[in-house]
Structure formats: C-alpha cells, structure tokens
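Peer 1: Quick one, what's the 3D model for this:
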Amino acid sequence: MVAFVILHYKNFNDTLDCISSIKKLSGVKKIVVVDNHTLQFDEKKQLEDTCDKLLCLKKNEGFARANNIGSRFAIENYHPDFLVVINNDTVIKQKDFLKIIQKKYLKYHFDILGPRIICEEGSGSVNPYLPLKNIEEVQKELQVQKRLLKFYRHTFLYLGLVLYMKLKHLFVKKNVFKNGEEEMLGVALHGCALIFSKQYYHKFQNVFCEKTFLYHEESFLYLRLQQHHLISLYSPDLEIVHKEGASLNILYHNQRKRNLFRTQEIIKSLKILEDVMKKGEEG
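Peer 2: Next comes the predicted model:
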C-alpha cells in the first residue's frame, strides 16, 4: 500500500486535480491532505469527501513541518510500504506509477526515490537536484540572494533589474535545464515529489528537517542522506507534472512582492543551513 501526502496552500482546484490523478492510479493507496490554514468551509467539506484524511492546521506551518505532520499521520495510521509526499500543484498521469515504484525498490532498495519532473511552462524543477554541498557554496549563494534582495526592496532598482534581464534574454542564449535521461544513485532530489520507503521513515522521527519554513529543503535532505549513508535514486521511468509556483503566484500577484518574499525566505533557510554545517548538526 502507498500513502500520499499532499500539502494544500490556497490553489484549491490544483489540489482537486492532484487528488483526482492519484485516484486513477492502479493499486491500493491512501490520500492525506494537509491544509496550511487556508481552506474555506465549503472547500473543507469538499476535500473531506474527496480524500481519506484532511488535516487542517491552525496556522501556516510552512513546507517541512506541515509535510511532517501529514507524514506522521499516514505512517501511524496506514503503515504504508511507500510514502509519497507531493506538492498540490502536481499531477500523475502514469496509471502504473505505484507498480513502477515497487519495481525500483526491488532493484535498488532505495530510501528516497525521485521522478522525472515535467513542468507545464517548460522550465523550473528538475531531477536530479543540484544541492548546496558545503559551507562555501552556501555562503556564495547567500551573497547572491542578499544582492537580489536590495533590488527587490526598491521599485526603481527593481525596474532596472527587469530591464537588464529583458536585454540579457535578447542577446544571451538561455540555459535550458533538463531532467536526467538515465537512472542515478546518490543524488539530491527535488522536493515537489519525493517517494520515501519504509526503511527510510523507520529511521527518522520526521521525514524532513524542520529547521526551515520554506526553501532549500532539498539541501537539508541531501545532507541527511550523506550523513547516514542512505540510498537516493532518480529514475526517469517515473514522471510527474509540476505546475511550479502556483501557490506563490496566488499569494502574491505582484511580481516584485513575490520575488521579495521568496528571496527573504531563501536567505533565512540559507543562514540556517550554514549554521547547521558549521556545527556539524544533522540535516
């Protein structure tokens, strides 16, 4: 049996699409939806009738904590062979998705498995994920984000940045990042869709590190993988469609405010990651 944990935040129709796609999969499954304190009464009623369990949080707990709450419920109540934690802006179209998971486990005995990610807008999330592997990389990225923050805080600086990016787009060839075409072991995996085996979730109290609110969960997870010599697997045989950024787009319609919020949260997570690495703490 496979348990799905879906983190809901604002984009209600996407959550319904996600649930609908899971129900069409072959095999036994349970669906747990975790609402990060956004549902209206009628939406809550509809989700209660649609999924196996709806957990409504009293406040927005962010990505890691909310997913951990849903994962603990699924593990304690359903005892699944595999725990699939996915964003609500994702859709699964492979009917044999669960069968492929089982097949990959029999071959690799993975702790965490990540699928090929297909983005509707043709960019964004890819697997394997490129993590920040050491303090130097974290500090370098911190400086980049702090510089960006200065532009996002001031309207005129932001307009100048937008103009620069538009000109750059015209004259500089854009890098197109693609998902890997071959299976890979020992890699970092993107957080929009993660498949945890029973051997993984029996080792840890929480599937995710709870030190952050948003962003860079993948780097913390990769740090845990390295520290405990766990098996991570990327397989393009599994596919998931990701409507990246849907929740944030609803939360902030203004592009500058959206970028400002995102950068502020990234900086917070990077500072925590830097501190964890310095102290040699677990991810």
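Peer 1: which SSE is the closest residue to residue 74 other than its chain neighbours in?
Peer 2: In this structure, residue 74 finds its nearest non-sequential neighbour in residue 3, 3.9 Å apart by Cβ to Cβ, 6 or more residues apart in numbering. C-beta here means a position set from N, CA and C on the backbone, and glycine is covered the same way. Assessed by DSSP states H and E, residue 3 sits inside strand 2-8.
Peer 1: Confirm for me that residue 114 is in contact with residue 236.
Peer 2: No: when contacts are counted by Cβ atoms under 8 Å, residue 114 is not listed as touching residue 236 (9.9 Å).
Peer 1: thought the residue nearest to residue 74 was touching residue 78?
Peer 2: Yes: counting by Cβ under 8 Å, residue 78 is a contact partner of residue 3 at 4.8 Å.
Peer 1: Between these two, which has more neighbouring residues?
Peer 2: Taking neighbours as other Cβ atoms under 10 Å, residue 3 and residue 78 compare with residue 3 leading, 26 against 18.
Peer 1: quick revisit: of residue 114 and residue 236, which one has the most company?
Peer 2: Using other Cβ under 10 Å, the more surrounded residue of residue 114 and residue 236 is residue 114, with 29 against 16.
Peer 1: The spatially closest residue to the more buried one that is not a sequence neighbour - how many residues pack around it?
Peer 2: Spatially, and ignoring its direct neighbours in sequence, residue 114 is nearest to residue 189 (3.2 Å; Cβ to Cβ, 6+ apart). By the criterion of other Cβ under 10 Å, residue 189 has 25 neighbours.
Peer 1: Who are the contact partners of residue 189?
Peer 2: 112, 113, 114, 127, 128, 129, 218, 221, 232, 234 (Cβ atoms under 8 Å, 6 or more residues apart in numbering).
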